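Undergrad: Sequence first, predicted coordinates after that:
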Amino acid sequence: MTNRQDMTLTSSGFYVSQEAPIEARNPTPTPASTPPDVLRCAYMELVVTDLAASRQFYVDVLGLYVTEEDDEAIYLRSTEEFIHHNLVLRKGPIAAVAAFSYRVRAAEDLDRAVAFYTELGCDVRRNPDGFVKGIGDSVRVVDPLGFPYEFFHQTDHVERMSWRYDLHIPGELVRLDHFNQVTPDVPRAVKFMQDLGFRVTEDIQDEEGTVYAAWMRRKPTVHDTAMTGGDGPRMHHVCFATHEKHNILAICDKLGALRRSDAIERGPGRHGVSNAFYLYLRDPDGHRVEVYTQDYYTGDPDNPVITWDVHDNQRRDWWGNPVVPSWYTDASLVLDLDGNPQPVVARTDDSEMAVTIGADGFSYTRPEDETMPEWKQGEYKLGHQL
Ligand SMILES: [Fe+2]
């Protein structure tokens with residue numbers, strides 16, 4: 001657990017250490033089976049209630065490319081993608097997530113996924129023909145944290161649209177970057193993801209060692225997924241990357257011009273965590289989509305782990321802009337393998353919103369200043385707004 005004596009305080013105001021300074025009080029058992037070799041987050045299967053409205057948002061506004069579509073589902077990809085899709089929009093009665101899908105290195109990794117999750121007593125199903133179009137032999141599981149995952153290797157290749165500048169838009173989404181999951185017990189989730197071969201890159205803690213969020217990766221960026229403390233299992237957001245900051249500003253301008261500014265939930269801004277430039281949108285069902293660019297390389301084995309103080313008001317926005325309450329409270333349901341919503345379990349550890357923007361919460365710009373200027377407090381404390 002947190003021991004700040006074992007961390008190095010940087011001149012930027014956060015701490016670094018060598019190994020993830022997180023210990024689970026209630027860990028999942030570590031399987032004896034070798035985990036599958038996960039390459040990267042590959043796609044999300046999202047259930048939407050109005051396929052036409054979702055198509056309008058993801059294709060007409062955000063510019064994702066349609067690989068294939070029918071009356072039931074739309075398969076979308078980003079500019080640089082060569083696999084069949086990064087997002088499946090499937091029509092259904094309840095807006096939810098059907099699968100967080102990861103690509104694995106080789107076909108044998110599917111056998112490993114079956115053994116790994118079977119040993120944990122999870123619901124494990126394999127479909128040699130794939131669960132969705134464009135994807136071959138796949139394994140779907142509900143993990144010990146209640147999230148539906150898919151693992152696959154075989155997929156149809158499609159054209160990379162990087163060279164098709166004639167089709168690009170100012171807010172071009174070039175890659176799927178990461179998922180973000182809401183779970184009540186972040187240390188337990190981190191331990192499980194470490195067993196699956198993920199490494200922590202950053203986290204948010206308080207001095208008592210309560211962990212509010214953690215970012216973990218397989219590919220050499222800041223993350224493939226993050227675990228955010230809250231009532232869960234739920235999906236916090238799915239994130240696409242742009243090449244540059246100005247692409248994100250162009251999305252804001254376009255939404256304004258379309259009189260759809262209400263789709264913008266938070267940002268644009270610069271994250272402290274990950275150092276990325278960001279924007280959070282809500283789709284027609286309320287699913288949260290992040291657009292993000294310019295995080296950093298993390299592929300060395302001794303990549304330093306960054307720990308942020310939960311009271312540092314620059315951790316989630318480097319410019320110190322406050323986080324809107326809906327960003328902490330709202331998230332999408334996730335489904336089991338039969339399509340039923342997973343029950344949501346309440347977080348019992350302290351809530352990040354309560355300790356930072358709640359009536360008694362506090363945030364600092366400089367750690368020695370326990371109170372903000374009066375004029376700034378209105379942005380941070382509930383009840384201080386006009
Ligand atoms: Fe994110």
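TA: Right, received. Where do you want to start? Numbering: from 1, shown residues only.
Undergrad: Contact distance from the ion - what residues of the stretch 201-350 of the chain qualify?
TA: Residues of the stretch 201-350 of the chain found near the ion (Cβ under 5 Å from the ion) are 239, 290. No exception for glycine: its C-beta is placed from N, CA and C like everyone else's.
Undergrad: How about the contacts made by the nearest residue to A53 once chain neighbours are set aside?
TA: Spatially, and ignoring its direct neighbours in sequence, A53 is nearest to P284 (4.1 Å; Cβ to Cβ, 6 or more residues apart in numbering). The contact partners of P284, by Cβ atoms under 8 Å, 6 or more residues apart in numbering, come to 48, 50, 53-54, 56-57.
Undergrad: Mind telling me what element P284 is part of?
TA: Following DSSP states H and E, there is no helix or strand that holds P284.
Undergrad: roughly how far apart are the closest residue to R112 other than its chain neighbours and Q181?
TA: Of all residues beyond its chain neighbours, the one nearest R112 is P36 (4.4 Å), with distances taken as Cβ to Cβ, 6+ apart. As judged by Cβ to Cβ, to the nearest Å, P36 and Q181 stand 18 Å apart.
Undergrad: Same question for G256.
TA: G256 is 31 Å from Q181, by Cβ to Cβ.
Undergrad: So for those two, which residue has more residues nearby?
TA: Each of G256 and Q181 has its neighbours counted (other Cβ atoms under 10 Å); Q181 has more, 24 against 11.
Undergrad: wait, the more buried one sits on D231?
TA: No: contact criterion Cβ atoms under 8 Å: Q181 and D231 do not qualify, at 12.0 Å.
Undergrad: And the helices in the stretch 151-300 of the chain?
TA: Secondary structure of the stretch 151-300 of the chain, counting by DSSP state H, counting those that start in this stretch: helices at 186-195, 245-257.
Undergrad: Deepest-packed of these, please.
TA: When the helices of the stretch 151-300 of the chain are scored by mean count of other Cβ atoms under 10 Å, the highest mean neighbour count falls to helix 186-195 (a mean of 23).
Undergrad: Could I get the CA-only coordinates of it as CSV?
TA: The C-alpha trace of helix 186-195 is given here as CSV (Å, rounded to 0.1, in the frame of the first residue of the first chain):
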residue,chain,number,x,y,z
VAL,A,186,-9.7,-1.0,-7.6
PRO,A,187,-6.9,-2.9,-5.9
ARG,A,188,-8.7,-6.2,-6.5
ALA,A,189,-9.2,-5.4,-10.1
VAL,A,190,-5.6,-4.3,-10.6
LYS,A,191,-4.3,-7.6,-9.1
PHE,A,192,-6.6,-9.6,-11.4
MET,A,193,-5.4,-7.6,-14.5
GLN,A,194,-1.8,-8.1,-13.4
ASP,A,195,-2.4,-11.9,-13.3
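Undergrad: and that helix, what other elements does it pack with?
TA: Of the remaining helices and strands, those touching helix 186-195 by 3 or more Cβ pairs under 8 Å, 6 or more residues apart in numbering; DSSP states H and E are strand 199-205, strand 211-217, strand 225-229.
Undergrad: Now do that helix: everything it contacts.
TA: For helix 186-195, the external contacting residues (Cβ under 8 Å, 6+ apart) are 20, 22-28, 30-31, 35, 143-145, 181, 183, 200, 203, 211-214, 216, 225, 227-229, 349.
Undergrad: about what we covered before: for the helices and strands packed on helix 186-195, which one sits closest to D300?
TA: D300 lies closest to strand 199-205 among these, at 10.7 Å (Cβ to Cβ).
Undergrad: For the ion, what's the nearest residue on the stretch 1-150 of the chain?
TA: Going by Cβ to the ion, the ion is nearest to C41 of the stretch 1-150 of the chain, at 11.2 Å.
Undergrad: and F116, what does it touch?
TA: Here F116 is in contact with 31, 33-36, 196 (Cβ under 8 Å, 6+ apart).
Undergrad: what about V344, how many residues close to it?
TA: 17.
Undergrad: shouldn't it be in contact with G232?
TA: Yes: under the criterion of Cβ under 8 Å, V344 makes contact with G232 at 6.4 Å.
Undergrad: can you list the helices and strands packed on helix 186-195 in JSON lines and add mean neighbour count?
TA: Shown next, in JSON lines, are these (neighbours: other Cβ atoms under 10 Å):
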{"stretch": "strand 199-205", "mean neighbour count": "25"}
{"stretch": "strand 211-217", "mean neighbour count": "26"}
{"stretch": "strand 225-229", "mean neighbour count": "26"}
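Undergrad: For D338, which of those is the nearest?
TA: Nearest to D338, of all the helices and strands packed on helix 186-195, is strand 225-229, at 23.4 Å by Cβ to Cβ.
Undergrad: got the angle between the closest one and strand 211-217?
TA: With axes from the mean of the first three to the mean of the last three Cα atoms, to 10 degrees defining the directions, strand 225-229 sits at 170 degrees from strand 211-217.
Undergrad: bridging residues for the residue in the stretch 51-200 of the chain that the ion sits nearest to?
TA: Nearest residue of the stretch 51-200 of the chain to the ion: N180, at 4.8 Å (Cβ to the ion). Counting by DSSP bridges, N180 forms beta bridges with A226, H237.
Undergrad: Report pLDDT for M372.
TA: pLDDT for M372: 79.
Undergrad: Report how many residues lie close to it.
TA: Neighbours of M372 using other Cβ under 10 Å come to 18.
Undergrad: ok, now how distant is it from G272?
TA: Distance of M372 to G272, computed by Cβ to Cβ: 16 Å.
Undergrad: List the buried residues of stretch 362-379.
TA: 362-364, 372, 376 (16 or more other Cβ atoms under 10 Å).
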